[in-house]
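In: here's a sequence, model it:
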Amino acid sequence: MALRVTTTGSDVFLKDLGILIAHPTTSRDLSLEFTALELKTSLQLTAAVQGGQLVADDGSYVIHATDYDPDEVLIQQLGYRDDTLYVSEAELGSYGDTYVKPDIFPLALNSTAQVTQNVYCPAGRWITWQVSSDDKVVLTGCPASGIYTVDSILDQQNFTVNEPIVDGTGGFISIFHPEAGLRIGIDDSGFDHITGTNLHDALASIDFMWEQTSGINILTHRELDQLVHNIAEDSFEEVTYDGVHPTSDIIWTNSGKTTKIREEQYTWNGNKVDTLTMIQYDATGIEVERVVETYTYTGPKVTQISRSLV
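Out: Prediction:
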């Protein structure tokens, strides 16, 4: 991206860049003289553009004083054209949906098109660098009023949406980034109780584990020998047989056998128990863990028991 500046009536001295832009100067391309980082960190350049002493453009569009953002200079110069490639500081410090550009929404909307699913926002010349393909679009006061998600960026003022949209003109538009935590991936391998492939879902799983319904929470309880606790609640116990030997002992929440609490499963070798599998379920009847005991005999006597947490 070029960064061309034009004086508006007087000389402009940019001390931190070490240059004097004498008036009249037209379309001086500072991106040919300085790095993107130097332009981003120049407080005098930012102040001059935002204060109206310099008019800036990017080679195609005028950068209005209220639109000038030094972050854009850095990102564009590095060739990043899509916000999906990074999570900004503003997004990381936020919760829930956050405006793509704070303090300017809602903006006037020009038009929407049913056939192309296009949205035209003439004031949004920053669309190509700050809007990404998963952002939320809220339209109001127009035939296409509703909530949409960005599909693809066409240029600095136009983008398409995923959802069907009707033809319309006028109204207002607001664009939001989704929660930053949904865009930060994590590796959940090696964790027994943390699930999810992004930060939001992982934290939600931790929160669930810490929730208390009664007594101690799940994570504290996990540090105890859960499988040796007796059932101390209303329950219904069912024993099944293979004809002679018991094959399972299931503890249910009620006689209607709605939800399992705990279960023991037996396998037999003749008249000897070969293995015992103990299964613990959570409050919704989903298996939490199981331990398998394997018995070794010397004659009729059990001499060894090995346990494996499956």
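
In: what helices and strands are in contact with the longest helix along the chain?
Out: Secondary structure assigned by DSSP state H gives helix 199-210 as the longest helix of the chain. When contacts are defined as 3 or more Cβ pairs under 8 Å, 6 or more residues apart in numbering; DSSP states H and E, helix 199-210 sits against helix 218-222. (Glycine included, C-beta is placed from N, CA and C.)

In: next SSE downstream of the helix it packs on?
Out: strand 236-241 (DSSP states H and E).

In: ok, Lys40 touching Tyr68?
Out: No. Under the criterion of Cβ atoms under 8 Å, Lys40 makes no contact with Tyr68, lying 11.4 Å away.

In: more neighbours: which of those two?
Out: Taking neighbours as other Cβ atoms under 10 Å, Lys40 and Tyr68 compare with Tyr68 leading, 21 against 18.

In: next, Pro164: phi, psi?
Out: Main-chain torsions, Pro164, degrees, to the nearest 10: phi -60, psi 140.

In: what sits against it?
Out: For Pro164, the contacting residues are Gln114, Gln117, by Cβ atoms under 8 Å, 6 or more residues apart in numbering.

In: now it: how far from Val115?
Out: Separation of Pro164 from Val115 (Cβ to Cβ, to the nearest Å): 11 Å.

In: which SSE is the nearest residue to Val100 once chain neighbours are set aside in?
Out: Distances taken as Cβ to Cβ, 6 or more residues apart in numbering place Ile175 nearest to Val100, at 4.4 Å, with adjacent residues excluded. Using DSSP H and E, Ile175 maps to strand 172-177.

In: that strand: partners in the sheet, and parallel or antiparallel?
Out: Strand pairing for strand 172-177, determined by DSSP bridges: strand 98-99 (antiparallel), strand 107-108 (antiparallel), strand 136-140 (antiparallel).

In: then it to PDB, C-alphas only?
Out: Only the C-alpha atoms of strand 172-177 are listed here, as PDB (Å, rounded to 0.1, in the frame of the first residue of the first chain):
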ATOM      1  CA  PHE A 172     -27.200   1.700   8.500                       C
ATOM      2  CA  ILE A 173     -24.500  -0.900   9.000                       C
ATOM      3  CA  SER A 174     -22.400  -2.100  12.000                       C
ATOM      4  CA  ILE A 175     -19.600  -4.700  11.700                       C
ATOM      5  CA  PHE A 176     -18.300  -6.700  14.600                       C
ATOM      6  CA  HIS A 177     -15.400  -9.100  15.200                       C
END
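
In: so what touches that strand?
Out: Counting by Cβ under 8 Å, 6+ apart, 83, 88, 91, 94, 97-101, 105-109, 119, 121, 124, 131-132, 135-142, 150 sit against strand 172-177.

In: try it again at 6 Å.
Out: 91, 97-100, 105-107, 109, 121, 131, 135-141 (Cβ atoms under 6 Å, 6 or more residues apart in numbering).

In: now these: which count as buried?
Out: Glu91, Thr98, Tyr99, Val100, Leu109, Cys121, Val131, Asp135, Val137, Val138, Leu139 (16 or more other Cβ atoms under 10 Å).

In: closest to Gly190 out of those?
Out: Taking Cβ to Cβ as the measure, Gly190 sits nearest to Glu91 out of those, at 27.8 Å.
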